[in-house]
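Undergrad: whatever this is, show me its structure:
(one chain, ligands or ions: 1)
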Amino acid sequence: MDDLCQRQRIELDSVQQQNGREIATITDRHQEEVRDLKRRFDREIEDEKAARLSALGKLTSQSALDTQKSQIELERKDREITTLHDGLQTLKTELDRERRMVHELKLNLDTTSSNSATLESSVRALKARIEFLESGREEQSKSFERCNQQMMDAFAETEAIKEKLRREETLRRKLHNQVQELKGNIRVFCRVRPSLKSEPASDLTLMQYPDEADDGKEINILGPEERSSLGTVNRKNNTFSFDRVFNPSTQNAEVFDEISQLVQSALDGYNVCIFCYGQTGSGKTHTMSSADGMIPRAVHQIYETAQGLEEKGWRYSMAGNFVEVYNENLNDLLGNPDELDKKKHEIRHDMQRGKTTITDITTVNLDSPEMVETILKNADANRSVAATKANERSSRSHSVFILKLTGQNHITGERSEGTLNLVDLAGSERLSHSGATGERLKETQNINRSLSSLGDVISALGQGKEGGHIPYRNSKLTYLLQFSLGGNSKTLMFVMVSPLQAHMSETLTSLKFATKVHNTHIGTAKRQARVRDA
Ligand SMILES: Nc1ncnc2c1ncn2[C@@H]1O[C@H](COP(=O)(O)OP(=O)(O)OP(=O)(O)O)[C@@H](O)[C@H]1O
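TA: Prediction:
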């Protein structure tokens, strides 16, 4: 049994060994097969990868090619679109042009139709007229006579009205002159300027206007304190009376209203002189040549009136000079500024025709009212070149704006030649008060000389002696104005007054001088005025 077991165990061992060997062999074979398989698979995978990579490469280059193609295609399409767009724009423009043409054609058509309608109606009217003319001659000639008569009546009536207008204009001129003469051929207005912001109220002179609610002719000034021999202190009440007194609130427009009739006289052929007299800073320049002063206002009024007179047959021309009398020398304020105080100008009088000319003077034709502003500006600029301070020079010289007005009536053959002189006098302060020396003294002496000559001329005119001597030659200013002072000419003097107490003494002197002028009567006017001391 044991043997059997032993044998079986041996056999089992041998079988097991045999099996182990077989298993090892099989395992080896399998492993060899697995390795073969792996190698084969690896190769296949490599092959497959290479194949895929090559396919991918092909695909990539194909896609790049496609993209390039698409890009080219896109650019082509873009170009096509641009071309189409341009084409569209051209078409639109053409369409617009066509539309406009159609519109114009329509308008032409409308005009043509209306013309044709008018022509048709004219043709109808002409036909009717032909028929009328071809019908009864008697009726026709009666109607013609009636029309003719009506026309002649209308002509005669128009002529009569025109003639009446002309007669009335001549009468108006005559009456206007008579009114002016009755008012006095020399008039004096007094104007008190307002105090300026820089002037304290405590420094002002006490002035009253007793009849300002009435006709405004008086001014009352409380004089400086005076000590009597008994030691009492008094203040004199000075009353002056003139043709008009303008208080400080009066504007240039109101002042001009009062002088506009004199401006009218210049247009009617008279010589008119308007002076501004007063000490420095009393408002002469403001009244005369500021932007709304008498000079620009006079020029504007002359333009308007001259235009109105055109339908009555009058045509006016206006020639302006602007001169300055400085140190008894005549200067052209519209000429070359470098020639101021150097160039000599002479005053020439034509005694027969009563005309004054100045040699080598600039004459400006005022063909529009705006020209006056240019003239004033140029004159001011010229003075500034000649002096460091233009206003200082203007205080020490007389300026004369001369406007020659020549009118011709082409219907009546009348002619008028008038001159308007607007004079801004130099400051009238007295020598003793100015404390001047040297050049200033010479200036002041010259100013005083011409102002007193002016007073002498007015006073000689006032004495009214036939053929009496009038001292025009005593100063350049009076000589220049010879034909505008006296005779049938009209003179207005503005006496300008400063409201300052510091100027009171000069103010009283100015007002006394103005009163003398006011008491003078020239020509046919009769008037008396007085200085009243209360
Ligand atoms: N009616 C007025 N209303 C307002 N301001 C005025 C009036 N009159 C004068 N003034 C002012 O007073 C000042 C002095 O006036 P303006 O220069 O006209 O005096 P003037 O007498 O011409 O002096 P000058 O002799 O120096 O030329 C100026 O500033 C001016 O503007």
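
Undergrad: wait, Asp360 sits on Asn331?
TA: No - between Asp360 and Asn331 there is no contact, the gap being 11.1 Å when judged by CB atoms under 8 Å. (Glycine included, C-beta is placed from N, CA and C.)

Undergrad: quick one: which of these two has more around it?
TA: The neighbour count for Asp360 versus Asn331, taken as other CB atoms under 10 Å, is higher for Asn331 (25 against 12).

Undergrad: if we can go back for a sec, shared neighbours, Asp360 and Asn331?
TA: Lys343, His345 (CB atoms under 8 Å, 6 or more residues apart in numbering).

Undergrad: for Thr363, the count of nearby residues, please.
TA: 13.

Undergrad: OK, contacts around it?
TA: The contact partners of Thr363, by CB under 8 Å, 6+ apart, come to Ala319, Gly320, Asn321.

Undergrad: tabulate those residues (CSV), appending secondary structure.
TA: What follows is those, written out as CSV (DSSP: H, G, I helix; E, B strand; the rest coil):
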residue, secondary structure
Ala319, strand
Gly320, strand
Asn321, strand
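
Undergrad: residue in the stretch 401-534 of the chain nearest to the ligand?
TA: Gly427 (4.1 Å; CB to the nearest ligand atom).

Undergrad: find the nearest non-adjacent residue to that residue, please.
TA: Excluding its sequence neighbours, the residue lying closest to Gly427 (CB to CB, 6 or more residues apart in numbering) is Thr280, at 3.3 Å.

Undergrad: please settle this for me: is the one you found part of a helix?
TA: No - counting by three-state DSSP, Thr280 is not found in a helix; it is coil.

Undergrad: after whichever strand or helix holds Leu37, which helix or strand is next?
TA: For Leu37, the element it lies in under DSSP states H and E is helix 2-134. Following helix 2-134 in sequence order, the next helix or strand is helix 137-183 (DSSP H and E).

Undergrad: between that following helix and helix 2-134, how many degrees?
TA: Here helix 137-183 runs at an angle of 100 degrees relative to helix 2-134 (axes from the mean of the first three to the mean of the last three CA atoms, to 10 degrees).

Undergrad: hmm, back to that, for the residue of the stretch 401-534 of the chain closest to the ligand, helix, strand, or coil?
TA: coil.

Undergrad: sorry, back to before: show me how far the helix holding Leu37 is from its chain's centre.
TA: Computed by CA atoms, centre = their mean, to the nearest Å, the chain-centroid distance of helix 2-134 equals 74 Å.

Undergrad: can you list the buried residues in stretch 260-268?
TA: For stretch 260-268, the neighbour count (16 or more other CB atoms under 10 Å) marks Leu262, Val263, Gln264, Ser265, Ala266, Leu267, Asp268 as buried.

Undergrad: so which of the residues you listed belong to helices?
TA: Of the buried residues of stretch 260-268, the ones assigned to helices by DSSP state H are Leu262, Val263, Gln264, Ser265, Ala266, Leu267.

Undergrad: biggest separation within those, which pair?
TA: Pairwise distances across these (CB to CB) peak at 10.2 Å, for the pair Leu262 and Leu267.

Undergrad: is stretch 373-384 positioned near the ligand?
TA: No - using CB under 6 Å from any ligand atom, stretch 373-384 never reaches the ligand; the gap is at least 10.6 Å.

Undergrad: His300 against Met371, yeah?
TA: No - with contacts counted by CB under 8 Å, His300 stays clear of Met371, the gap being 11.0 Å.

Undergrad: just to revisit the earlier point, filter the buried residues of stretch 260-268 to keep only those in contact with the ligand.
TA: Counting by CB under 6 Å from any ligand atom, no member of those is near the ligand.

Undergrad: residues from this protein in reach of the ligand?
TA: 193-194, 196, 278, 280-286, 391, 394-395, 427, 496.

Undergrad: give me the buried subset of those residues.
TA: 193, 278, 280-286, 394-395, 427, 496.

Undergrad: excluding sequence neighbours, find me the nearest residue to Phe240.
TA: That would be Leu511: by CB to CB, 6+ apart, it lies 4.8 Å from Phe240.

Undergrad: what is the neighbour count of the one you found?
TA: Using other CB under 10 Å: Leu511 sits among 22 other residues.

Undergrad: for it, grab phi and psi.
TA: Main-chain torsions, Leu511, degrees, to the nearest 10: phi -70, psi -30.

Undergrad: which residues does it contact?
TA: Counting by CB under 8 Å, 6+ apart, Leu511 makes contact with Cys190, Ile219, Ile221, Asn238, Phe240, Val495, Val497.

Undergrad: those residues: which two are farthest apart?
TA: Put simply, by CB to CB the two of those set farthest apart are Asn238 and Val495, 13.5 Å from each other.

Undergrad: which of these two has more neighbours?
TA: Val495 (29 against 20).

Undergrad: need the three-state assignment for that one.
TA: Quick answer, by three-state DSSP: Val495 is strand.

Undergrad: just give me the neighbour total for the closest residue to it other than its chain neighbours.
TA: Closest residue to Val495 apart from its sequence neighbours, by CB to CB, 6+ apart: Ala514 at 3.7 Å. For Ala514, the neighbour count with other CB under 10 Å is 24.

Undergrad: just the one 4 residues further on next, same as before
TA: Using other CB under 10 Å, His518 has 26 neighbouring residues.
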